[in-house]
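*Asks:* sequence plus the predicted model coming up.
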Amino acid sequence: MSRGVNALDTINLGLMRAREWKEAQSELPKSPFVEVKSRGRSSPDAIVCHTDGAWSREHRAGGMGWIFQDKNKRQINRGSSSRGHVSSPLVAEGLAIRHALDHALSIGISVIQVASDSQQIVTAITNGNRLSEIYGILEDIAHLSSLFIEVNFISVSRKTNCLADSSAKLALRAFLAPGD
């Protein structure tokens with residue numbers, strides 16, 4: 001006679017596997033996701049890209065914005081995007097950086113300094129903090145970053161990031177109110 005699996009056995013097995021997974025994660029070596037190809041200050045020829053993400057808890061949607069500026073702080077290009085199924089503000093911030101890097105490559109930028117007001121994501125990128133919530137996005141950022149001659153990530157104040165913030169909020173607003 002075969003014995004069926006009961007609910008308690010299933011729960012215990014799940015907890016055991018979760019503990020094993022957690023222990024395995026702490027054993028991973030901690031290294032930066034992105035090898036920053038610039039030390040200290042970025043090249044004077046670097047294009048500065050301010051990025052920001054906006055998030056709607058109610059709609060689980062995100063807006064992403066980015067602004068490219070030359071060394072004289074003149075805007076040379078910009079972009080924005082929006083999408084549903086965004087689980088948190090951190091995901092929106094990560095997606096903004098990922099989209100900005102992709103856009104930069106598509107317009108021929110090879111030396112870039114990415115500025116974000118999310119210190120948590122900049123630290124994760126540069127120090128290798130393994131944030132499970134955005135692990136895949138961080139891997140994408142690492143891959144895209146490897147395609148630049150020089151890349152640097154910095155954390156900036158929200159005040160400094162106001163243009164990218166406005167762009168992200170407008171993209172989110174347009175996504176939530178199509179047809180207006």
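*Replies:* Sure thing, it's come through.
*Asks:* can you map out the helices along this protein?
*Replies:* 7-26, 89-106, 119-127, 135-145, 162-176 (DSSP state H).
*Asks:* out of these, which gets the lowest mean score?
*Replies:* Across the helices of the chain, helix 7-26 has the smallest mean pLDDT, namely a mean of 72.
*Asks:* and it, what's buried?
*Replies:* Of all the residues in helix 7-26, not one is buried under the rule 16 or more other Cβ atoms under 10 Å. Bear in mind the C-beta positions are built from the backbone N, C-alpha and C, glycine included.
*Asks:* Arg74: how many residues sit nearby?
*Replies:* Residues lying near Arg74 (other Cβ atoms under 10 Å) number 8.
*Asks:* same question for the one 10 residues further on.
*Replies:* Each residue near Gly84 was counted by other Cβ under 10 Å, and the total is 11.
*Asks:* correct me if wrong: Glu150 contacts Ala104.
*Replies:* No. With contacts counted by Cβ atoms under 8 Å, Glu150 stays clear of Ala104, the gap being 11.8 Å.
*Asks:* coming back round to it: just send the helices of the chain back as TSV, with distance to Ser80 too.
*Replies:* Formatted as TSV, the helices of the chain follow (distance: least, Cβ to Cβ, whole Å):
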stretch	distance to Ser80
helix 7-26	34
helix 89-106	8
helix 119-127	18
helix 135-145	17
helix 162-176	4
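*Asks:* which of those helices is buried the deepest?
*Replies:* Mean neighbour count (mean count of other Cβ atoms under 10 Å) peaks for helix 89-106 among the helices of the chain, with a mean of 23.
*Asks:* centroid-nearest residue for this structure?
*Replies:* What sits nearest the mean C-alpha location of the chain, by Cα atoms, centre = their mean, is Gly94, with 1.4 Å.
*Asks:* alright, calling it a day.
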